[in-house]
Structure formats: structure tokens, C-alpha cells
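have a look at this prediction, sequence included:
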Amino acid sequence: MTIDNIIVSIRSELIRSISALDEWFDKDEPLLDHRPASGEWNVRELLEHVMLTNRFLLILIDKGSSKALCQEYSGDYSELLENYRLENSAMLEIGIHKSFDWHRPEHMAPTGQLLLDEVRDEIRDQLNRCLIHLELLQNGEGLLFKTTMSVNGLGKLDVYQYIYFLALHVRRHLQQLEGILEDYNNTIEM
């Protein structure tokens, strides 16, 4: 695996996931406000949760990227990539709704205080920030700094893996949004 392949994979997942998420902001009001029979969050709340989670992940990504760029490394990055894996089964589970029990911190719970347009604008900005990080770390620098991720026992993740985690978290909630749509459609057909 080359650094170019890693960056292309992450960029593709980011753009695909966040573009799909962006479409949910244009849904009709009744669907946006529909509370599923399970009592889970509605579409508005889920969109805000994704934005909040991205916000906190980006704090770690920003710091990690900055620290990685400050690291002095005189070796060949291809040496670091010999046994490198962007993903493993635990990482892939991040992108699957209800694949494991995930207890989110309270500060990532939606408050309903932001307008939907504000949430959308911030998510779009978050995508751009991630893409900028990938551009800045285009030579492999993102491999040089790791931070512990406790979710699903992932352990130490480098900056690229943190950005990929963010994209997979979006994918997870896209599945949840599809479930809300299905519940909504079943409700209106009755």
C-alpha cells in the first residue's frame, strides 16, 4: 500500500459519506422531525450529533496533524507502510450501525440550539478541513503521530486513521438515517 493509495481511499470515503449526509439536509420537515418508533434521535438530532462528533474528532486531528508535521523523520515513508493497515475489523465496525455498543460522551449529544443551515455549513467546513489535512500530509507525515482511540478498542491511531474514523462514523449514521426513513415511510403508509 502506498501513501497515495491511503490518501485516495480516505478522501473517497470522506467525500462519499459527507456528500450523502449533505442530501439529508434537504429532506422535508416531517421527515426531519420524525421520531422513530424506537425513540432514537430524529434526523435533525442525528445531523447535529455527527457535526458535534466531527468537531471533537477534528480537535484531535488538528493537533495530530500539527505534531506529525513537526516530527523529524529522515527515513523512507515506504518503510513505515510495509505492514500498514488503514483498517481492520474493529475499524470497519465503526461504519456499521449497531455493530457494537457505543456510549458517546454527553458533549456529543444534540441540543437542538443550532439551525439546520448552521449544522450543514459546519459539516461542509469539516470536510474541507479533513481534505486540507490530507493535502498537508501527502508524503506520509500522518504516520508519524499516534493518539489513543478507546472506541471499540481501536488503540493507537495515526492521523490518517483518525480521519478515516471520522468518515466511517458518518457512514454509521447514514445507515441510521436510512432506518429513520424506513420507519417514517411505514408510518405514513398506515
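Here it is on my side, so go on. Nothing here was measured: the structure is a model prediction, and the numbers come from that model.

for the most centrally placed residue in the chain, grab phi and psi.
What sits nearest the mean C-alpha location of the chain, by CA atoms, centre = their mean, is residue 166, with 2.1 Å. Phi and psi for residue 166, reported as degrees, to the nearest 10, are phi -60, psi -50.

got a list of what it touches?
Contacts here follow CB atoms under 8 Å, 6 or more residues apart in numbering; on that basis residue 166 touches 14, 53, 54, 57, 58, 61, 126, 130. Backbone N, C-alpha and C define where each C-beta goes, glycine included.

can you rerun that using 6 Å?
54, 57 (CB atoms under 6 Å, 6 or more residues apart in numbering).

roughly how far does it sit from residue 91?
Distance of residue 166 to residue 91, given as CB to CB, to the nearest Å: 12 Å.

worst-scoring helix or strand of the chain, pLDDT-wise?
Least confident helix or strand, the chain: helix 77-80 with a mean of 88, by mean pLDDT, DSSP states H and E.

I'd like the next helix or strand past it.
Downstream of helix 77-80, the next assigned helix or strand under DSSP states H and E is helix 89-94.

now that next one: average pLDDT?
On average, the pLDDT along helix 89-94 is 95.

and if you look at stretch 164-184?
This predicted structure assigns stretch 164-184 an average pLDDT of 97.

checking my notes, residue 148 in a strand, right?
Yes: assigned with DSSP: H, G, I helix; E, B strand; the rest coil, residue 148 falls within a strand.

check contacts around it.
Contacts of residue 148 were listed using CB under 6 Å, 6+ apart, and they are residue 156.

what residues are bridge-paired with it?
Listed beta-bridge partners, residue 148: residue 156 (assigned using DSSP bridges).
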